[in-house]
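Enquirer: Here is a sequence with its predicted model. Questions after.
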2 protein chains.
Amino acid sequence: MAKKIPYKVYLTEEEMPKTWYNMKAHMKTQHAPFINPATQKPCTMSDLTPVFCEECVEQELNEKDERIEIPEGIRSFYKAFRPSPLVRAYFLEEVLGTPAEIYYKFEGNNTSGSHKLNSAAAQAYYAKKQGLTSITTETGAGQWGTALAMAAAFFGLKLDVYMVKVSSEQKPYRKEVMRTYGANVVPSPSDTTAAGRKLLAEFPGTGGSLGCAISEAVEKAVTTENCRYVLGSVLDHVLLHQSVIGLESKTALDKYGVQPDVIIGCVGGGSNFGGLIAPFMGERLQGKNDIEFIGVEPASCPSLTRGKFVYDFCDSAQTTPLAKMYTLGCGFMPSPNHAGGLRYHGMSPIISQLYHDGYIRAVAGEQSKVFEAAEMFAKCEGILPAPESAHAIRVAIDEALACKKTGEKKRILFGLTGTGYFDLSAYKQYNDGTMTDRIPTDEDLQRGFDTIPHCPVNEGLL
Amino acid sequence: MAKKIPYKVYLTEEEMPKTWYNMKAHMKTQHAPFINPATQKPCTMSDLTPVFCEECVEQELNEKDERIEIPEGIRSFYKAFRPSPLVRAYFLEEVLGTPAEIYYKFEGNNTSGSHKLNSAAAQAYYAKKQGLTSITTETGAGQWGTALAMAAAFFGLKLDVYMVKVSSEQKPYRKEVMRTYGANVVPSPSDTTAAGRKLLAEFPGTGGSLGCAISEAVEKAVTTENCRYVLGSVLDHVLLHQSVIGLESKTALDKYGVQPDVIIGCVGGGSNFGGLIAPFMGERLQGKNDIEFIGVEPASCPSLTRGKFVYDFCDSAQTTPLAKMYTLGCGFMPSPNHAGGLRYHGMSPIISQLYHDGYIRAVAGEQSKVFEAAEMFAKCEGILPAPESAHAIRVAIDEALACKKTGEKKRILFGLTGTGYFDLSAYKQYNDGTMTDRIPTDEDLQRGFDTIPHCPVNEGLL
């Protein structure tokens, strides 16, 4: 610790990771397998490969290799937008007057505006390598769709993005970024799929839902030649790709002899948090450190803190395999005043298992307090954070303020997943003083739990 | 040149510039002084200090010192968003199949989205140091207003931004970024100033103009205690602050033994281009290199390629001192189909003089071709550029394609000033195929020239 850590640490190209980190290699209890809802049996390669790229399915099922090579073609594309900086938050520390050291890994400095590009790059590469000509996905707010549009353009793949209709109308600019990258953005529900036509017939004029957009994207993929479906969070292989965040963070901190005491990330589907903690958690599982891991979710969508650990569908349309995870029920919807992302009803099976086994602490944040933290951070650190990322900022600030009381010099690392450029309607609410909190009541939650399937694998769990 | 240059070069904190670079120290012909329109005499310190911060005025008038120290307080804030990367455009080179080497300095990786923050940081610091409590400015599209809002928040200054009313309505999100940073955004014309009230009385329901916004911001500054007005381009001290771009670029290139053959930047008011070329031009003026400098302007606002080199007002409301510069006339307005910035009628006096003396070549770009370049660049380099920056990309690509024909291995450096996140309505036009070009006719230009003042200092020039 002789050397003072600079404001920002950028790794050199040589220092950038050459392998991803697979936490599962060290988990004593693996998460339960995906279940085929028709057979109630675990999903196999052949259940999954008609939908997903082969290499991604292999990674999905790999429980033994700690390290998985990042192919040269992906490492090359990573150089277009990585390394991302590890920042020492000197300005924030000063404003807080805390003895704690605060570090954050900033993933927002790319045109998609978030960490999502890490997995988009990998999945587009594997699709190309498999000889596919096109891929499909769905997007809600548009962060994931933008990332995949960039990756598809880079690797020369055709891309159809099913964008929830109401989002495509409310966020026309997000759509334009995707279009500029050559993606075909289809407002969902659409008449391009049976699923879309069915919904349109039942509910003419509907604004759509993420569940329907998933159904359309999957249908389009399995009915199109040389096409597969690509998902941006929740799944193990997505967390694997995101481990580049944690690996870069660890290399940067190691260079300065800094071992974090606490690692904090926001959790929606869990891919950013899972990626950030990966190498640190791997060591923790081997008894090599005693880091506290904190996942922060919105109080309005509290899957870890108030959900059930059961089998549930990954989508609200109930078309996917069943995953055992913390869930609010696939029919749960956060209240309309909830701003920003982190609105997924479930949680990554890996994160769910680690939480269940006591390796992760979960905290739920109310959005007014989250935006207060975002404002403070923006003013002193010069970065306008995404509302999602601000959940992690909130808890990092709370931890640092606790240190101020106790005098502890904790080393806090958090993930700053993205920028807030496309979430300014939420900031407007905050600036206007019209932002409200709405924590679901037990009755609200029960309505969501009622949508969890009562099927054989859930026997004794519900 | 033994070491292969990486995709991105980030300087270490120790390598970041400790002084700015003042090109004027090496100019054989200094640009003509600002003229007080009332007296037709050169402006003095005492003419300018009621409006601008003292230290900025001193820098404005400094023609002798090549190096001017960057105070520690500014260097510290620079660490929040600098160094910016110098990027080797390997991907673009490959797509073009050119033997040329292409480099760009990317200034868009900060929340204001552009290079403007470099001078905003300096001017807010000096305002604070002078004991001021507030500053004012105007903004059109909002890039400069956002940058100044960030700097004012950082140094704890109150800020009033007069934002052209029609822009504040068309770009509500830009306004929210400024508000989040605590700025008071006033749609102009407003009833907070005599200038605004006068215009509102004459033209009820007007959408405002940059000229009026400047008048309001200056009036507010000179009628408020402990307040000054801050300008984001054109002036010498702004170019001085922006020299940090060129200095970082030069240090990065020098590390790898790379001397550029061509340096390209977009020009509106000239601050980014002036900053990028500063240390290279300084050496050129001393006969130490033979670099070609190319300023790229929109064909729809061609101040260098088709303007007159005369005295003109810096604002359309004719309230400022007169500057000798290339100008289309202070009443010139680009046609409504012009997208993005670079819509200033005049040009930095330094850049104007260097152009007049043959050190700079000027090229005018048509926007449809500029957006084609932007799209190609976004797809392979992974950054969605601001329309302004895309002017430089267009010419860099043209230079590289010329090298493909001749086989020359030119080293091309260009300035990528910002991101296009807040210009997506222009991208939408491009994506929809509805973008048009509109080059001003000689008659259009004459209408602008007619607004140049016929005053004693312009005798023999018009």
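Expert: Received the coordinates, thanks.
Enquirer: quick one, phi psi at the spatially most central residue of chain A?
Expert: The centroid of chain A falls nearest to A:S271 when counting by C-alpha atoms, centre = their mean (3.6 Å). Note on A:S271: its backbone torsions stand at phi -70, psi -40 [degrees, to the nearest 10].
Enquirer: which one is it nearest to, not counting chain neighbours?
Expert: A:S233 (4.1 Å; C-beta to C-beta, 6 or more residues apart in numbering or on different chains). (C-beta placed from N, C-alpha, C; glycine too.)
Enquirer: Contact partners for the one you found?
Expert: A:144, A:268-271, A:344, A:348 (C-beta atoms under 8 Å, 6 or more residues apart in numbering or on different chains).
Enquirer: what's it sitting at in phi/psi?
Expert: As for A:S233, its main-chain torsions (degrees, to the nearest 10) stand at phi -160, psi -170.
Enquirer: So it versus chain B, what's the distance?
Expert: 21 Å (C-beta to the nearest C-beta, to the nearest Å).
Enquirer: For that residue, give me the pLDDT.
Expert: With respect to pLDDT, A:S233 has a value of 93.
Enquirer: and if you look at A:W144?
Expert: In this model, A:W144 carries a pLDDT of 96.
Enquirer: same check, this time on A:A2
Expert: Model confidence at A:A2 (pLDDT) stands at 51.
Enquirer: returning to what we had before: how near is the residue nearest to A:S271 to A:I393?
Expert: According to C-beta to C-beta, to the nearest Å, A:S233 stands 20 Å off from A:I393.
Enquirer: and if you look at A:G196?
Expert: Taking C-beta to C-beta, one finds A:G196 at 38 Å from A:I393.
Enquirer: repeat for A:I5
Expert: In terms of C-beta to C-beta, A:I5 sits 20 Å off from A:I393.
Enquirer: Likewise for A:E66?
Expert: Using C-beta to C-beta, A:E66 is found at 31 Å from A:I393.
Enquirer: who's more crowded, these two?
Expert: A:I393 (31 against 16; other C-beta atoms under 10 Å in any protein chain shown).
Enquirer: The more buried one and A:F377 touch, don't they?
Expert: Yes. A:I393 is in contact with A:F377 according to C-beta atoms under 8 Å; the separation is 4.9 Å.
Enquirer: between the two, what contacts are shared?
Expert: A:P385.
Enquirer: Count the residues that sit near the closest residue to chain B within the stretch 151-300 of chain A.
Expert: Across the stretch 151-300 of chain A, the shortest distance to chain B (C-beta to the nearest C-beta) belongs to A:Y173, at 3.8 Å. As a burial measure, A:Y173 scores 18 neighbours (other C-beta under 10 Å).
Enquirer: Ramachandran angles for it?
Expert: The phi/psi pair for A:Y173 (degrees, to the nearest 10) is phi -70, psi -40.
Enquirer: any low-confidence regions in the stretch 1-150 of chain A?
Expert: A:1-2 (pLDDT under 70).
Enquirer: Which residues of it lie near chain B?
Expert: A:6-8, A:10, A:12-13, A:77, A:79-81, A:91, A:109-111, A:113, A:150 (C-beta under 8 Å from any C-beta of the partner chain).
Enquirer: I'd like to know which of those residues are part of helices.
Expert: A:77, A:79-81, A:91, A:150 (DSSP state H).
Enquirer: quick one: which of the residues you listed has the most company?
Expert: A:M150 leads those on contacts (other C-beta under 10 Å) with 33 neighbours.
Enquirer: Now do the same contact list for that residue.
Expert: By C-beta under 8 Å, 6+ apart, the residues touching A:M150 are A:110-112, A:117, A:120, A:181, B:382.
Enquirer: Same check on A:P321?
Expert: Contacts of A:P321 (C-beta under 8 Å, 6+ apart): A:34-37, A:43, A:47-48, A:314.
Enquirer: Look up how far A:S271 lies from it.
Expert: 18 Å.
Enquirer: just A:A217 next, same as before
Expert: A:A217 is 17 Å from A:S271, by C-beta to C-beta.
Enquirer: What are the boundaries of the strands in the stretch 151-300 of chain A?
Expert: A:158-164, A:184-188, A:227-229, A:262-266, A:292-298 (DSSP state E, counting those that start in this stretch).
Enquirer: Which one, of those, ends up nearest to A:Q130?
Expert: Closest to A:Q130 of these, according to C-beta to C-beta: strand A:227-229, at 7.7 Å.
Enquirer: Which neighbouring elements make contact with that closest one?
Expert: Judged by 3 or more C-beta pairs under 8 Å, 6 or more residues apart in numbering or on different chains; DSSP states H and E, the packing partners of strand A:227-229 are strand A:134-139, helix A:210-222.
Enquirer: where's the closest residue to A:F313 other than its chain neighbours, which helix or strand?
Expert: Spatial nearest neighbour of A:F313, chain neighbours left out: A:C330 (4.3 Å); criterion: C-beta to C-beta, 6+ apart. In this assignment (DSSP states H and E), A:C330 forms part of neither any helix nor any strand.
Enquirer: What about A:C330, how many residues nearby?
Expert: Per other C-beta under 10 Å, the neighbour tally for A:C330 reads 21.
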